[in-house]
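Q: Next input, structure requested:
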Amino acid sequence: MTGITEYLNTAKDHLQSIGEAVGVFLVGLGLGIAGVIRKKNISIRTIKAKEQKFVHRHSQIHELLTELRVTIRASRCLVFQFHNGGSFADGTSIKRFSVTHESCIGGVTSMILESQDVLLTRYVDIIRVMDESASKIISVSSLPPSAFRSGLEINSVDYFSITPLRCLDGLTPLGFVCCHWCSAEQLDDIEAEGISQANLERVISDSVYNINTHISYKAETK
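A: Numbering: from 1, shown residues only. Okay, here's the model as predicted:
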């Protein structure tokens, strides 16, 4: 009888130890699961915060672009950004550009879909205009025959301006803002109000500077 009692006590002690071990395991498992859930929630909140910043910054760029278009009575304002489109056989980079933001008045056709992943070498006049006549309002008819002129004419552009965008270092090309007027009357109306072309070009330059600040910051921090 004594042997049975001792056996039962021993078994009880073993069961108690097992129970304590299981309890510790379950507590640890619970804490681990809670930690994973907490990290997941933090991760989700971080992703959502980044998404909100992304949307907010792009909304700001679009608002500034629309404000520019309305102020200068343009038909269409676009942001083009340069990017690497692969490499040639010799390893040199293939330079391309795409429209990332666009603002148009009603009735003017959007160019954003047709202006993606475009070879920069097809439109070398863009570089020349940016170097020689940044922010200047230029008549399309004054351009020499080229793919650039043809592209503007196809999209019913009579006058345009191009202003470069640069990275935070102020040197590295980032892209450019292009403003289109699809009717000379839009510029005539502004001139009739006593606003000179020089003042209008200054407005373009100042507005693009603000757009550049948002885009270059985005490019450097993404």
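Q: Residue 105 is in contact with residue 66, correct?
A: No. Residue 66 lies out of contact with residue 105 (C-beta atoms under 8 Å); the separation is 9.9 Å. Quick note: C-beta positions are derived from backbone N, CA and C, even for glycine.
Q: Excluding covalently adjacent residues, which one is nearest to residue 84?
A: Counting by C-beta to C-beta, 6 or more residues apart in numbering, residue 84 lies nearest to residue 93, which is 5.1 Å off, once chain neighbours are set aside.
Q: what about that neighbour, how many neighbours?
A: Neighbourhood size, residue 93 [other C-beta atoms under 10 Å]: 11.
Q: residues contacting it?
A: 84, 86-87 (C-beta atoms under 8 Å, 6 or more residues apart in numbering).
Q: Count the residues that sit near residue 75.
A: Using other C-beta under 10 Å, residue 75 is surrounded by 23 other residues.
Q: OK, contacts around it?
A: Residue 75 neighbours (C-beta under 8 Å, 6+ apart): 69, 104-105, 108, 157, 180-183, 186.
Q: Now which of those would you call buried?
A: Neighbour counting with 16 or more other C-beta atoms under 10 Å marks 69, 104, 108, 157, 180-182, 186 as buried within these.
Q: Give me the three-state assignment for the closest residue in space to residue 155 that isn't next to it in sequence.
A: Distances taken as C-beta to C-beta, 6+ apart place residue 111 nearest to residue 155, at 6.0 Å, with adjacent residues excluded. Following DSSP: H, G, I helix; E, B strand; the rest coil, residue 111 is assigned to coil.
Q: Report the contact partners of residue 208.
A: Contacts of residue 208 by C-beta under 8 Å, 6+ apart are 68, 135, 163, 165, 177.
Q: Filter the residues you listed down to the ones in helices?
A: Counting by DSSP state H, the contacts of residue 208 place residue 68 in helices.
Q: Most neighbours among the contacts of residue 208, which one?
A: For the contacts of residue 208, neighbours tallied by other C-beta under 10 Å; top is residue 177, 25 neighbours.
Q: returning to that earlier point: which one of the contacts of residue 93 sits closest to residue 97?
A: residue 84 (10.7 Å; C-beta to C-beta).
Q: Mind telling me what element the closest one is part of?
A: Per DSSP states H and E, residue 84 falls inside strand 76-87.
Q: Each with direction, which strands does the next helix or strand after that strand pair with?
A: Stepping forward along the backbone from strand 76-87, the first helix or strand reached (DSSP H and E) is strand 93-104. Its sheet considered, strand 93-104 pairs with strand 76-87 (antiparallel), strand 118-119 (antiparallel) by DSSP bridges.
Q: So which bits of strand 93-104 are buried?
A: Going by neighbour count (16+ other C-beta under 10 Å), the buried part of strand 93-104 is 96-104.
Q: where in this structure is pLDDT low?
A: 1-37, 39-57, 217-222 (pLDDT under 70).
Q: What ranges does it have for its helices?
A: Under DSSP H, the chain gives helices at 2-72, 124-132, 147-154, 184-192, 197-221.
Q: I'd like to know how far residue 126 sits from residue 115.
A: Residue 126 sits at a distance of 12 Å from residue 115 (criterion: C-beta to C-beta, to the nearest Å).
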